[in-house]
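Student: Predicted structure and sequence below. I'll ask about it afterward.
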Number of protein chains: 2
Amino acid sequence: MDIQTIAAQAKTAAIAMAGLGTDIKNQALAEIAAALESRQADIVAANQSDLDRSEKENLAPPLLKRLKFDAVKIDEACAGLRSMIQLPDPVGRTLDAMEVDDGLELFRVSCPIGLIGVIFESRPDALVQIACLCLKSGNGVLLKGGREAMATNRLLADIIHRAGIAAGIPDGWLGLLETRDDVADMLQLDEFIDLIIPRGSNAFVKHIMDNTTIPVMGHADGICHVYIDRGADLDMAERIVVDSKTQYVAVCNAAETLLVHRAVAEAFLPRIKTALEKKGVEIRGCHRTVGIIDVMPASEEDWRTEYLDYILSIRVVDSLVAAVDHINAFGSGHTDVIVSPDRQRGIRFMNTVDSADVFLNCSSRFCDGFRFGLGAEVGISTNKTHARGPVGLEGLVIYQWRMIGHGQIVADYTGPEARRFTHRKLDKSFG
Amino acid sequence: MDIQTIAAQAKTAAIAMAGLGTDIKNQALAEIAAALESRQADIVAANQSDLDRSEKENLAPPLLKRLKFDAVKIDEACAGLRSMIQLPDPVGRTLDAMEVDDGLELFRVSCPIGLIGVIFESRPDALVQIACLCLKSGNGVLLKGGREAMATNRLLADIIHRAGIAAGIPDGWLGLLETRDDVADMLQLDEFIDLIIPRGSNAFVKHIMDNTTIPVMGHADGICHVYIDRGADLDMAERIVVDSKTQYVAVCNAAETLLVHRAVAEAFLPRIKTALEKKGVEIRGCHRTVGIIDVMPASEEDWRTEYLDYILSIRVVDSLVAAVDHINAFGSGHTDVIVSPDRQRGIRFMNTVDSADVFLNCSSRFCDGFRFGLGAEVGISTNKTHARGPVGLEGLVIYQWRMIGHGQIVADYTGPEARRFTHRKLDKSFG
């Protein structure tokens, strides 16, 4: 089948999925978990063939590690699916209800977006999680994974697609794209695809955004800041900086720049230098930082860099406002932290830092769908429309306006003898 | 000032506007209304110069009518602003609150999008309404109006900008762009502009979408349907069809295609022909329609056409499913109506028609921000992300995740002795 046909079929399936009940969708998730378990040996064998080929092709060891999908990972994926069954259905919720006039009621009801195109990195567990998030939220899905995981992805997509159909999801609800050309074609399918979610490097996400008119939900860089305010508890500050920087350096919510209020710089910089160097972190400081501790000087380029490594830039600032200005100028709108004893100053920081996630007195590493209690996540968005920050099921739905009348026409509400609208909030659900 | 400078200044202002209280924003709206009233004579004079020039340049009479901004329209605009003051502030609402762990709380709080770029048609009242919706929702705004309204727009923008500043809105919060080149430049300013709202022809909106990576909120066509189900009350059906088609033909929520269940076609088609022809509507029918009433035959092109005129296409269908399939194939995802005595069939229609607005037993013309009780509207969106259908203040906000802790770090929540999250819903507001 060509990609146009796959997409058209998935779009048709998606429209039917909008009307599916919660039971059928949860039954499908249960069938998928059971099928993955019963086909475990086949999946491991397919994955082994991907691993063998990729090793021969000299894929880097960290990527090989991500590619691996063994019995333990399959069990984890199935446990994830079973907890997804417990999550409330995001579709069909009445978000607003209003009496527009006597016998004329308006409801805003959540519904699936339609057909989601997902382009993901090599991890096969991402395929399972994303396909199932789309199913639970009533969306059709087109998946494009990495070439290195081809055999694993093909088998997983087939198992998941069939198990869904067995539970009553329409044939064609999941489509797998396999070649690089497929991605270019996918970006043109604005007639069928309602949203594209690219997961991968910043350059890759940017490339997708530049080459499609379909809405894209993604994040660019994760240049996260920790700002130590005047009067901060320096023990707490040290703990939060070390965790934000070093708990896992290769992720988007790790801190890249530390901002320190001048009132605490003399006291804080020497001890944070000791603590970070113990973890192997290289420090690059502004000229005021360099005047207090013996570290490499930072260039302006450092403020714009997502290191994703054991490197931290430090800048001394004169005020909370200066910290906020630095973050809004050089940050990426992802996650920024203030450590301050003053809750009101914390709120000022949150009100004026233009980022998806703003934290007071805790680590930037908390920015994550699981830690936020969303269940699974499709990714972290730095968009400023639709969904922002960690995105769970709610980012995969939109709403529809549903009005129920008894023959009302607009002509009766215009002119000198116009009926008046009542516009009274109702406390009831659609249905 | 060049557009880059104007945009940078508006972006800076927008960030400060995110933290403004409701009182200041409402005070600004009151100041704007007062200023428009006190400068009425100047505004009418500026508008007259636009009208005179445009008349000389042979602007079409309907466009001249839209361009006119006289004392009556100024009063209406001011009344609109005063009712906007009464609307609840969309910013700073706590959408979710959760205890993540003891002493670690997470809030999802609504906030402005940032800087909105609006490109609007000649109507000067649109400038007033859009600028003030942006202000009320805490967003900076760049406005580009039609060349024909240049003098009016320049004066209105100046009055509104200054009145806002007098109430405490930051300087530069509103920027006016004037040339066609400015639009092309604006589409490249993804560093500053967070959302573009184009108002104008379909071709124009499509052009904007094709030429920017900034998210665009707009609607394409309004190909709206009315479907008369089997067993429908034919008096009601006639009333709704006539209103949906003829109450105002030149607008996006007017009906363009009538679908009729075969069980009522024989009875309904002759009477609707009489009723519509009385209003001067030309009918184009499918071959089954042509077999029942004497009308011109429709081509497939008719199903895809937004007439915006006294023309209606009619198709006889075999079932509710066939009606839904027609709508999903040829509709534009705007507003579609079913007339049916059976509420369950109405719900099936709503569940499977993939449009922003789906109505049972009332006219398609109800799709409108004012009639929906949203107060003012920035437009009607056929996007399937962010905001859909009539968009009021809520479409101009997004949310921010705000976490407040007491020094918590992620390292404590990992490994064999990991602390567990509590993830308990809280019934409290941020602050």
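Tutor: Noted; the coordinates are in hand. Residues are numbered from 1 along each chain as shown, chains lettered A, B, ... in the order given.

Student: And what about A:Ala7, helix, strand or coil?
Tutor: Three-state assignment for A:Ala7 (DSSP: H, G, I helix; E, B strand; the rest coil): helix.

Student: Check it and give its pLDDT.
Tutor: The score at A:Ala7 is 96. That number is its pLDDT.

Student: so what's it closest to, chain neighbours aside?
Tutor: Distance criterion CB to CB, 6 or more residues apart in numbering or on different chains; nearest residue to A:Ala7, sequence neighbours excluded, is A:Phe192 at 4.2 Å. Every residue, glycine included, has its C-beta placed from N, CA and C.

Student: give me the number of residues near the one you found?
Tutor: When neighbours are defined as other CB atoms under 10 Å in any protein chain shown, A:Phe192 has 23 of them.

Student: my guess is it meets A:Ala13, correct?
Tutor: No. Counting by CB atoms under 8 Å, A:Phe192 does not reach A:Ala13; the two are 11.1 Å apart.

Student: residues in the stretch 251-400 of chain A within reach of chain B, list them.
Tutor: Of all the residues in the stretch 251-400 of chain A, those in contact range of chain B (CB under 8 Å from any CB of the partner chain) are A:328, A:343, A:346-348, A:350-352, A:354-363, A:365-367, A:371-373, A:383-386, A:388-390, A:398-400.

Student: Which residues are in contact with the residue lying closest to A:Tyr307 once chain neighbours are set aside?
Tutor: The shortest distance from A:Tyr307 to any non-neighbouring residue, by CB to CB, 6+ apart, is to A:Glu256 (5.5 Å). Counting by CB atoms under 8 Å, 6 or more residues apart in numbering or on different chains, A:Glu256 makes contact with A:222-225, A:305-307, A:311-313.

Student: Now pLDDT too, for those, in a markdown table please.
Tutor: Listed next are the contacts of A:Glu256 as a markdown table, based on pLDDT from 0 to 100:
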| residue | pLDDT |
| --- | --- |
| A:Gly222 | 91 |
| A:Ile223 | 95 |
| A:Cys224 | 98 |
| A:His225 | 98 |
| A:Thr305 | 95 |
| A:Glu306 | 94 |
| A:Tyr307 | 94 |
| A:Ile311 | 97 |
| A:Leu312 | 98 |
| A:Ser313 | 98 |
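
Student: of all these, which comes closest to B:Ala265?
Tutor: B:Ala265 lies nearest to A:Gly222 out of the contacts of A:Glu256, by CB to CB, at 59.7 Å.

Student: any idea which helix or strand carries that closest one?
Tutor: Counting by DSSP states H and E, there is no helix or strand that carries A:Gly222.

Student: and the residue lying closest to it once chain neighbours are set aside, what is it in contact with?
Tutor: Distances taken as CB to CB, 6+ apart put A:Cys252 closest to A:Gly222, at 2.9 Å, once the chain neighbours are dropped. If a contact means CB under 8 Å, 6+ apart, then A:Cys252 has A:219, A:221-222, A:224, A:306, A:334, A:380 as its contacts.

Student: State the pair within those that is farthest apart.
Tutor: Looking at the contacts of A:Cys252 by CB to CB, the two members farthest from one another are A:Glu306 and A:Ile380, with 13.3 Å of separation.

Student: Neighbour count for the two, which is higher?
Tutor: Neighbours per residue, other CB under 10 Å: of A:Glu306 and A:Ile380, the larger number sits with A:Ile380, 25 against 17.
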